[in-house]
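Undergrad: Okay, here's the prediction I keep looking at, along with the sequence it came from:
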Amino acid sequence: MKTRFLDLICIAVLCVVLTLGLWPFHSPRNHVTWLGYCNGLSFGRPGTAIGARPLPTASAESQSASVEIWLQPQRIWDSATFLAFYTPGNPRPFSLRQSLTDLELQAGTAHFYVPNAFRKPRPVFLTITAGTPGTTVYANGALARNSSQFPLSAKDFTGRLILGDSPAQPDNWSGDVLGLAIYRHELSPAQVQRHYETWTRALQPAIFADDRNIALYLFNERAGNTVHDRGGSGIDLDVPEKYLVVDKIFLEPFWKEFSLSRSYWSAAAKNIIGFVPFGFCFYPCLLLHRVRRPAMATVVLGTLVSLTIEILQAYLPTRDSGMTDLFTNAFGTYLGVETYRVISGLVIGKYQTIPIPAPDTVDF
């Protein structure tokens with residue numbers, strides 16, 4: 001009777017672990033809507049808009065490019081990707097992220113931060129230029145920061161545009177995008193200022209031929225699932241009905257997942273804690289079934305369950321598939337085993353007459 005009761009508890013724990021690891025079990029609705037009071041798209045979670053085709057590839061001699069984006073985050077204290085350029089096989093895709101109140105430029109393992117870009121809860125007009133001197137960032141037409149140590153070229157501004165998310169793993173951003181433009185040219189400070197003033201006042205930038213604009217999205221459709229390019233390239237942005245990740249990573253290596261960010265360590269802690277009940281319940285169950293080396297068997301079983309979840313998560317757009325979880329889940333299972341050993345040892349020491357299986361301390 002005790003064995004059957006413990007078996008049922010283990011089945012219940014397994015069902016809970018699988019549900020938490022795989023929920024939702026389908027592709028949810030894409031939470032992107034048109035703004036009713038002005039031009040723009042509102043991105044919820046999860047939400048994304050994707051370029052129908054890649055932007056034209058830069059010529060070999062072209063080294064300069066620029067991107068303008070006018071947006072307002074929904075929350076200041078947030079960290080997520082709001083714009084990315086995706087090319088299959090590119091080892092260092094260029095992306096723009098909100099990192100709390102800071103703007104983060106990311107290209108592969110290189111990072112460049114602009115402090116307090118989103119400190120005030122209002123729209124901000126960002127311009128990022130890449131040229132011979134390096135990378136320059138403007139906020140609302142004014143110079144915010146530049147760096148010669150963060151190399152960018154026109155090749156980083158090619159590929160499919162991804163708005164509101166990352167192309168490889170779900171990294172959803174919440175907020176409003178009011179305008180987006182790409183240039184195959186390093187905009188001068190005067191051009192940056194002109195575009196900022198005309199776009200924010202007339203809702204369309206004053207673009208001249210020497211600006212070399214290749215894509216312009218005004219977000220003035222107000223309806224439908226397409227954001228039309230007004231710059232001449234004909235590469236529109238699609239708003240899918242269901243949320244999707246363009247090129248989902250399968251079991252991302254832990255050395256690529258590793259980060260010193262608060263979100264990374266928070267997720268790791270949740271994964272450890274989430275598997276403690278698994279080890280705490282399955283270890284005594286295997287003890288009662290007289291499984292050889294029950295502690296090791298419990299940890300191996302927890303790792304196999306974690307691997308199953310990570311494999312299935314590769315087919316779920318809202319979940320990350322990575323190897324880091326294998327280690328954190330296995331460690332959480334081990335902590336559950338040790339927690340049971342400690343508690344059962346205390347109970348046995350206090351109530352010698354209670355027939356509780358003695359913890360095996362040498363089975364690893």
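TA: Thanks, I have the structure now. Numbering: from 1, shown residues only.

Undergrad: Contact partners for residue 260?
TA: The contact partners of residue 260, taken as CB atoms under 8 Å, 6 or more residues apart in numbering, number zero. All C-beta spots, glycine's among them, are computed from the backbone N, C-alpha and C.

Undergrad: Output the lowest mean pLDDT helix or strand found in the chain.
TA: helix 254-257 (a mean of 82; mean pLDDT, DSSP states H and E).

Undergrad: Skip ahead from that one and say which helix or strand is next.
TA: Per DSSP states H and E, the first helix or strand lying C-terminal to helix 254-257 is helix 262-288.

Undergrad: And that next one, what's buried?
TA: 267-268, 271-272, 274-287 (16 or more other CB atoms under 10 Å).

Undergrad: elements contacting that helix?
TA: Counting contacts by 3 or more CB pairs under 8 Å, 6 or more residues apart in numbering; DSSP states H and E, helix 262-288 packs against helix 2-22, helix 294-313, helix 324-350.

Undergrad: any chance of these in a markdown table, plus distance to residue 220?
TA: Putting these into a markdown table (distance: least, CB to CB, whole Å) gives the following:
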| stretch | distance to residue 220 |
| --- | --- |
| helix 2-22 | 40 |
| helix 294-313 | 38 |
| helix 324-350 | 42 |
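
Undergrad: So which of those is nearest residue 118?
TA: Shortest separation from residue 118 across the helices and strands packed on helix 262-288 is recorded for helix 324-350, at 27.9 Å, computed as CB to CB.

Undergrad: Give the other helices and strands that the closest one contacts.
TA: Checking 3+ CB pairs under 8 Å, 6+ apart, helix 324-350 ends up next to helix 254-257, helix 262-288, helix 294-313.

Undergrad: Output these in a markdown table; the columns should cover distance to residue 48.
TA: Formatted as a markdown table, the helices and strands packed on helix 324-350 follow (distance: least, CB to CB, whole Å):
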| stretch | distance to residue 48 |
| --- | --- |
| helix 254-257 | 21 |
| helix 262-288 | 19 |
| helix 294-313 | 18 |
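
Undergrad: Determine which of these approaches residue 216 most closely.
TA: That would be, of those and by CB to CB, helix 262-288, which comes in at 33.3 Å.

Undergrad: and the closest one, how far out from the chain's middle?
TA: 24 Å (CA atoms, centre = their mean, to the nearest Å).

Undergrad: Mind pulling the model confidence for residue 204?
TA: pLDDT, residue 204: 89.

Undergrad: What of residue 281?
TA: 95.

Undergrad: What of residue 115?
TA: At residue 115, pLDDT is 95.

Undergrad: burial of it, as a residue count?
TA: 12 (other CB atoms under 10 Å).

Undergrad: OK, contacts around the residue lying closest to it once chain neighbours are set aside?
TA: Distances taken as CB to CB, 6 or more residues apart in numbering place residue 102 nearest to residue 115, at 5.3 Å, with adjacent residues excluded. By CB under 8 Å, 6+ apart, the contact list for residue 102 reads 113, 114, 115, 116, 117, 118.

Undergrad: Scan the residues you listed and report the most crowded one.
TA: Of the contacts of residue 102, with other CB under 10 Å as the count, residue 118 tops at 24 neighbours.
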